[in-house]
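*Asks:* fold the following for me, if possible:
(chains A and B)
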Amino acid sequence: AQKVTQAQTEISVVEKEDVTLDCVYETRDTTYYLFWYKQPPSGELVFLIRRNSFDEQNEISGRYSWNFQKSTSSFNFTITASQVVDSAVYFCAPRLRDTGFQKLVFGTGTRLLVSP
Amino acid sequence: EAGVAQSPRYKIIEKRQSVAFWCNPISGHATLYWYQQILGQGPKLLIQFQNNGVVDDSQLPKDRFSAERLKGVDSTLKIQPAKLEDSAVYLCASSLIWGFNTGELFFGEGSRLTVL
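*Replies:* Next comes the predicted model:
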C-alpha cells in the first residue's frame, strides 16, 4: 500500500514569515503526479498546485513554491510571506496506484496557523 | 460558476440507522468522487464514477455503503446500517475528466455525520 507522511501536525507562524510544509511518500510507481490541497475552516478542499514526477525543475507560483526530490520521494511546499488567510490544513496528495487503481492518496495534513 | 453542492451539511443518527447524502457536481464534470474524512485524517476515496459507471469502489465497505449516480449527474451515498466508526465528513468532488495528469478536483463543503 502507498503511504504519505506529513510529519508536521501543526505549525504556528507570525504573518510575513516563510513556512515550509513537508511531505514524504512511498511508491513503486515510476511516473506520477503530485498535488497540494488546502482545507480552510469551511471544510472545502481547494486545489493549490500540481507537478509531475518526470520533471524535477522546481517552480514558483506567486507566494507558493515547491521542492520535489524524486530520489527521496519528498514534495515540500513553501508559502512565502505568509498571511492570516493562509491559516488552514494543508494536504499533500500524490496520485498513486493504490488497491489497483490510480487515485489521490492524501496525507494526514498539516495545520498552519498564521497570527497577525 | 456554481460549485459542488452537497446536502445535508450535518446529520446526527443513532447506530444501526440509515442515512443518505446527496451531491450535485459542477455542470459538465464527468467524474464524481465520494471521500470519507475522519477527524484528524486526510480524505480517503470511497468511490469514483465516470459518468454513471463505477471506476473504483475498492475502498467502499459494500456491506453497508452504497452509491449511485443515475443519469451521470448527481449522486447519492447511502449508509445502512450505520456504525459508530462511520462518524466522519463525507466529501463529494468532481472533475472534468479522469486522465493521467488530472487531479484538480473540485470539492463540496461536505456532509458531517455523527453516529451516536
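*Asks:* C-alpha only now, for contacts and for neighbours.
*Replies:* Will do.
*Asks:* what's stretch B:47-58 in contact with?
*Replies:* Stretch B:47-58 has contacts (CA atoms under 8 Å, 6 or more residues apart in numbering or on different chains) with A:99, A:101, B:30-35, B:46, B:59-60, B:67-73, B:97-98.
*Asks:* off-centre distance for it?
*Replies:* 11 Å (CA atoms, centre = their mean, to the nearest Å).
*Asks:* returning to that earlier point: can you flag the buried ones in the contacts of stretch B:47-58?
*Replies:* B:30-35, B:46, B:60, B:67-69, B:72-73, B:97-98 (16 or more other CA atoms under 10 Å in any protein chain shown).
*Asks:* show me where the chain has its strands.
*Replies:* No chain specified, so I'll use chain A. If DSSP state E is used as the criterion, the strands of chain A fall at A:3-5, A:10-14, A:19-21, A:24-26, A:33-39, A:46-52, A:59-61, A:64-69, A:74-79, A:88-92, A:95-98, A:101-104, A:110-115.
*Asks:* hmm, I had chain B in mind actually
*Replies:* B:5-7, B:10-13, B:19-24, B:31-37, B:44-50, B:53-56, B:65-68, B:75-79, B:88-95, B:106-107, B:111-115.
*Asks:* adding mean pLDDT and distance to residue A:76, write these out as a markdown table.
*Replies:* Formatted as a markdown table, those follow (pLDDT from 0 to 100; distance: least, CA to CA, whole Å):
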| stretch | mean pLDDT | distance to residue A:76 |
| --- | --- | --- |
| strand B:5-7 | 97 | 31 |
| strand B:10-13 | 98 | 34 |
| strand B:19-24 | 97 | 33 |
| strand B:31-37 | 95 | 23 |
| strand B:44-50 | 94 | 21 |
| strand B:53-56 | 91 | 29 |
| strand B:65-68 | 97 | 35 |
| strand B:75-79 | 98 | 34 |
| strand B:88-95 | 96 | 25 |
| strand B:106-107 | 93 | 22 |
| strand B:111-115 | 97 | 30 |
